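Chemist: here is a sequence with its predicted model. Questions after.
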Number of protein chains: 2
Amino acid sequence: MTRTLPHPFDLATELAAVGDGRFAGRTAAPYANMVGPFGGITAATLMRAILDDPRRLAEPVSLTVNFAGPVADGPFEIDARPVRTNRSTQHWLLTMSQDDAVTTTATAVFANRRPTWAATELTPPAAPPAASVPVSEVPEFIAWVGNYEMRFVEGAVAEIEAGRPSSSTSTLWVRDEPPRPLDYPALTALSDVFFPRVMHRLGRIVPAGTVSMTVYFHATADLLAAQGDDPILATARAQHFGNGYFDQSAQLWTADGELLVTSHQLVYFKDA
Amino acid sequence: MTRTLPHPFDLATELAAVGDGRFAGRTAAPYANMVGPFGGITAATLMRAILDDPRRLAEPVSLTVNFAGPVADGPFEIDARPVRTNRSTQHWLLTMSQDDAVTTTATAVFANRRPTWAATELTPPAAPPAASVPVSEVPEFIAWVGNYEMRFVEGAVAEIEAGRPSSSTSTLWVRDEPPRPLDYPALTALSDVFFPRVMHRLGRIVPAGTVSMTVYFHATADLLAAQGDDPILATARAQHFGNGYFDQSAQLWTADGELLVTSHQLVYFKDA
């Protein structure tokens, strides 16, 4: 396959270095959500700021992004600061701002990883091979979903559109569209690829938005390289809904049953 | 019961305001861990800094604490900054420092909560009533555990000491010792009350330390008040171990099956 144009994901997360730990970016129409950008692309852009920083040590193990206020279409600035660098770990503090108002905060831990005893306590969700699951139709009025190929195994977005309340679990095969080799920014965005669980439970569209999202990276650079652009098995489930917030836990798996990330988020919602 | 002295927990998390968003504190010997203070008391102290700040809005919904470097016995300073205050939410960025070196970072989301549709998707672990479970003996060489009454139902610390590898799940009834009415700082510390899962799986003590911890608060102030100083049913389980890190998910429940918090953490470990 020949590609002469950059991938839309790379354009959307592109940053210009404008000083020590300061980066300038701009929201990208293809990754727009109902209001402002897709949270996953914002999180991926913050991850990319660290990866682009010459002071960066090793690979990400943890990222937490807090969505503090709306991100308007247009330019933004990221301030990325390595607040502590140890022998094998590095801690980052980041803010994204527009017109000097903070829209997003983040903290991240990067680390040199070495092989140790390993075990996976979770099991991947039951799913037929990606190739045997038809590509799902997704809502056309939300731009960002057009950048993903989604093959729902359980809890499809179509169920919400059909007004059918269901369980809060969604499981799907997913990859970037057009396909793109997996890296840490892409994995960060994919961790936020799930529609708000409350819409699945209630069977209707209600106001909802992530306020905090955490990604634990189990995938090493070698595992990412081996994954290439193959579909990822993604599953998410809510834990508790109440008093205007719910939380969700998710996992992204390779087709071979390797755990790429575990991810958690807290989401604001209205029920009317 | 008459108490004339402050509770050790309140002494350990006590802060002196030393300027806008700046607080001075000191590590407390009763909450010492094998190296430095118990992570839960550090997280609780950061929570208390926000609660003590006159700029604080409403109640916590989310807290993430990153343990960036060792905390030495002695004084520390906390810098707490409300980076964004909206109509019903407020976002905080915090750092804890010793001698101008950052030891800990944190982000928090506070929010005004209103009743909505509610549902709990998780079920509490099976456990006999707290009163019927004997209080467990815990290692005397770790100071902080002496501040908790622990009644293990599954995965007791004694299993590690006995050199018995087991599952990574621990379930226990737990409360402050001496008993103390539950509040958000105490709930924060209790979210970190579990021994490192890797020690349970391997059946031996190995070097391990939390690098990032997130707490989602489902408990409103009313639920905390109703809980008083009753034992809490706490359960934790690992999700994946490998390349020097593992992650853990935990829940704290009331005896009536109300979910107080869900909490997640990423933990560094060595296997030799």
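Modeler: Now that the structure is in, tell me what you want to look at.
Chemist: where exactly do the helices run in the stretch 101-250 of chain A?
Modeler: Taking DSSP state H, counting those that start in this stretch as the test, the helices found in the stretch 101-250 of chain A are A:157-161, A:184-190, A:197-202, A:221-227.
Chemist: now these in a markdown table, with mean pLDDT?
Modeler: Shown next, in a markdown table, are these (pLDDT from 0 to 100):
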| stretch | mean pLDDT |
| --- | --- |
| helix A:157-161 | 91 |
| helix A:184-190 | 98 |
| helix A:197-202 | 96 |
| helix A:221-227 | 96 |
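Chemist: out of these, nearest to chain B?
Modeler: helix A:197-202 (6.7 Å; Cβ to the nearest Cβ). Heads up, the C-betas are built off the backbone N, CA and C, glycines and all.
Chemist: summarise which helices and strands that closest one is packed against.
Modeler: If you count contacts as 3 or more Cβ pairs under 8 Å, 6 or more residues apart in numbering or on different chains; DSSP states H and E, helix A:197-202 packs onto helix A:157-161, strand A:232-242, strand A:245-253, strand A:259-269.
Chemist: to chain B, which of these lies closest?
Modeler: Closest among the helices and strands packed on helix A:197-202, using Cβ to the nearest Cβ: strand A:232-242, at 3.6 Å.
Chemist: kindly export that closest one (C-alpha atoms) in PDB.
Modeler: Output of strand A:232-242 as PDB, limited to C-alpha atoms (Å, rounded to 0.1, in the frame of the first residue of the first chain):
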ATOM      1  CA  ILE A 232      -8.000  -4.600  18.500                       C
ATOM      2  CA  LEU A 233     -10.600  -6.200  20.700                       C
ATOM      3  CA  ALA A 234     -12.000  -3.500  22.900                       C
ATOM      4  CA  THR A 235     -14.400  -3.900  25.700                       C
ATOM      5  CA  ALA A 236     -15.900  -1.500  28.300                       C
ATOM      6  CA  ARG A 237     -18.400  -1.700  31.100                       C
ATOM      7  CA  ALA A 238     -19.800   0.700  33.700                       C
ATOM      8  CA  GLN A 239     -19.400   0.100  37.400                       C
ATOM      9  CA  HIS A 240     -21.700   2.600  39.100                       C
ATOM     10  CA  PHE A 241     -24.100   5.300  37.900                       C
ATOM     11  CA  GLY A 242     -25.500   7.900  40.300                       C
END
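Chemist: hang on, the earlier thing: in a markdown table: the helices of the stretch 101-250 of chain A, plus mean neighbour count and distance to B:Thr105.
Modeler: Shown next, in a markdown table, are those (neighbours: other Cβ atoms under 10 Å in any protein chain shown; distance: least, Cβ to Cβ, whole Å):
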| stretch | mean neighbour count | distance to B:Thr105 |
| --- | --- | --- |
| helix A:157-161 | 18 | 36 |
| helix A:184-190 | 25 | 19 |
| helix A:197-202 | 24 | 29 |
| helix A:221-227 | 15 | 25 |
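Chemist: got JSON lines for those helices, with distance to B:Gly242 too?
Modeler: Shown next, in JSON lines, are the helices of the stretch 101-250 of chain A (distance: least, Cβ to Cβ, whole Å):
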{"stretch": "helix A:157-161", "distance to B:Gly242": "32"}
{"stretch": "helix A:184-190", "distance to B:Gly242": "16"}
{"stretch": "helix A:197-202", "distance to B:Gly242": "28"}
{"stretch": "helix A:221-227", "distance to B:Gly242": "10"}
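Chemist: which one of those lies nearest to B:Val135?
Modeler: helix A:197-202 (38.4 Å; Cβ to Cβ).
Chemist: and that closest one, how far out from the chain's middle?
Modeler: Remark: helix A:197-202 is offset 19 Å from the chain centroid, using Cα atoms, centre = their mean, to the nearest Å.
Chemist: can you list contacts of that helix?
Modeler: Contacts with helix A:197-202, where a contact means Cβ atoms under 8 Å, 6 or more residues apart in numbering or on different chains, come from A:155, A:159-160, A:165-168, A:170, A:205-206, A:208, A:236-238, A:241, A:246, A:248, A:267, A:269, A:271, B:117, B:119.
Chemist: which positions in the stretch 1-150 of chain A make contact with chain B?
Modeler: A:61-62, A:64, A:66, A:68-69, A:83-84, A:86, A:89, A:91, A:93, A:95, A:101-103, A:105-107, A:109, A:111, A:113-122 (Cβ under 8 Å from any Cβ of the partner chain).
Chemist: one more time with 6 Å, if that's ok
Modeler: Residues of the stretch 1-150 of chain A lying close to chain B (Cβ under 6 Å from any Cβ of the partner chain) are A:61-62, A:64, A:66, A:68-69, A:83-84, A:91, A:93, A:102, A:105, A:107, A:109, A:113-114, A:116-122.
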